[in-house]
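**Student:** The sequence and its predicted three-dimensional model are supplied below.
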Amino acid sequence: MLKTYKHLFGPVPSRRLGLSLGVDLLLPKTCSLDCVYCESGITTSLTLNRYEYVASDQVEIELNDFLSAHPRLDYVTFSGWGEPVLNSGMPRIVRFIKMHFPQYKIALLTNGTLFYMEQARADVLDIDLIVASLDAVSDDVFQALNRPHSALEPERIIQGLIDLRKEFRNELWLEIFIVPGLNDTDSELRKLSDAAIQIGADKIQINTLDRPGTESWVKPCEKCDFERIQRYFDNLEIVKGDASVGKDIPCALSDIDFSILQLIRRRPCTREDMVKSTGHSKERVEESLKRLLSEGKIHSEKMMRGDFYRIS
């Protein structure tokens, strides 16, 4: 196997997708939104322009190298620095996986903003699972929470998701990220519930802050309030994740420092997350963290779930 990968990260143990190999098709940080809670940091390229941000043939080389070893995976997942649908080369990479490694399911984590474009919808039809975000229906909440590209508006996004549901025959989930003080009011929750019913997603996931976001003022929901929020979606099937996935994962990268840096470059992680993702022992991970901390390459931030490490 190649020693390092530029476009692959993980495998990552996911509470909703099981064991997931991340495929990043963008340059940091390219997105159509600049969400206050994003774990990947501030958007530096706010855009709706779709083109081949990274070379598809290079992504295929890395996928071929990694998947040829037949690793145990639940999904190969398009995610990472920003909005994967911005990369117009994604359908080519989907075809490559389907042709050469049909045993692996493909997932797409998307902010759902681009499906008002007919071509964007056509480009995702062969994917096995789409998890699309929708955090706001009211424009003032949308602007404050998602800080979108100026051409985006909630009605257009919701209609795009409705159109996608009509054309997409595989599994479609909807994710709503709750930021207290912004989209947790009774009025906004009713609007979100109505929109979710209109879209007709197979499942819905209600999330709140778990790892450090872009803005330090963003806080997680209290448990009692989270239970109140979920009641607005009682008529929909809610995704339940398993945080215990990811035991005995073979290491994706041979150099542990590089492996950890590649992982936390895209999402802050705890020590336990790193042990699960890299396949290295707790002792080796702790040695690497001490080394990276002393070199100033990473820093930690305390959250409810523990200390999260991220790139300095």
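**Tutor:** On my side now, so go ahead.
**Student:** Where does pLDDT dip in the protein?
**Tutor:** For the chain, applying pLDDT under 70 flags the ranges 1-3, 239-255, 258, 262, 265-266, 277-279.
**Student:** which residues in it form helices?
**Tutor:** Remark: helices assigned in the chain by DSSP state H are 56-67, 90-100, 118-122, 139-146, 154-167, 186-199, 223-230, 256-266, 271-278, 282-294.
**Student:** what residues does the third one touch?
**Tutor:** Helix 118-122 is touched from outside by 50, 85, 114-115, 160, 163-164, 167-168, with contacts defined as Cβ atoms under 8 Å, 6 or more residues apart in numbering. All C-beta atoms are positioned from the backbone trio N, CA, C, and that covers glycine.
**Student:** got it, and the second one?
**Tutor:** Where contact means Cβ under 8 Å, 6+ apart, the residues beyond helix 90-100 that reach it are 23, 25, 56, 59-60, 63-64, 67, 76, 78, 84, 104, 106, 123-124, 126-127.
**Student:** ok, now with 10 Å
**Tutor:** Residues from elsewhere that reach helix 90-100 (Cβ atoms under 10 Å, 6 or more residues apart in numbering): 7, 23, 25, 50, 52-54, 56-57, 59-60, 63-64, 67-68, 76, 78, 84, 87, 103-106, 108, 119-120, 122-128.
**Student:** Ok, the fourth one next?
**Tutor:** Among residues not part of helix 139-146, those counted as contacts by Cβ under 10 Å, 6+ apart are 31-38, 111, 113, 133-136, 138, 148, 150, 152-155, 157, 177-179, 181-185, 187-188, 191-192, 218.
**Student:** Flag every buried residue along stretch 152-163.
**Tutor:** Of the residues in stretch 152-163, 152, 154, 157-158, 160-161, 163 count as buried by neighbour count, 16 or more other Cβ atoms under 10 Å.
**Student:** Export only the CA atoms of that stretch, formatted as PDB.
**Tutor:** Output of stretch 152-163 as PDB, limited to C-alpha atoms (Å, rounded to 0.1, in the frame of the first residue of the first chain):
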ATOM      1  CA  LEU A 152     -28.800  30.600  -1.900                       C
ATOM      2  CA  GLU A 153     -32.100  30.700  -0.100                       C
ATOM      3  CA  PRO A 154     -34.000  28.000   2.000                       C
ATOM      4  CA  GLU A 155     -37.000  27.700  -0.400                       C
ATOM      5  CA  ARG A 156     -34.700  26.900  -3.300                       C
ATOM      6  CA  ILE A 157     -32.800  24.300  -1.300                       C
ATOM      7  CA  ILE A 158     -35.900  22.600   0.000                       C
ATOM      8  CA  GLN A 159     -37.400  22.400  -3.500                       C
ATOM      9  CA  GLY A 160     -34.100  20.900  -4.700                       C
ATOM     10  CA  LEU A 161     -34.300  18.200  -2.100                       C
ATOM     11  CA  ILE A 162     -37.900  17.500  -3.000                       C
ATOM     12  CA  ASP A 163     -36.900  17.100  -6.600                       C
END
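**Student:** Go through the buried residues of stretch 152-163 and say which is closest to residue 310.
**Tutor:** The nearest member of the buried residues of stretch 152-163 to residue 310, counting by Cβ to Cβ, is residue 152 at 27.5 Å.
**Student:** how much space is there between the closest one and residue 141?
**Tutor:** In this view, residue 152 and residue 141 are 13 Å apart by Cβ to Cβ, to the nearest Å.
**Student:** before we move on, back to that, filter the contacts of helix 90-100 to the buried ones?
**Tutor:** Neighbour counting by 16+ other Cβ under 10 Å classes 7, 23, 25, 50, 53-54, 56, 59-60, 63, 67, 76, 78, 84, 87, 104-106, 108, 120, 123-124, 127 among the contacts of helix 90-100 as buried.
**Student:** Filter those down to just the ones in strands.
**Tutor:** 23, 76, 78, 106, 108 (DSSP state E).
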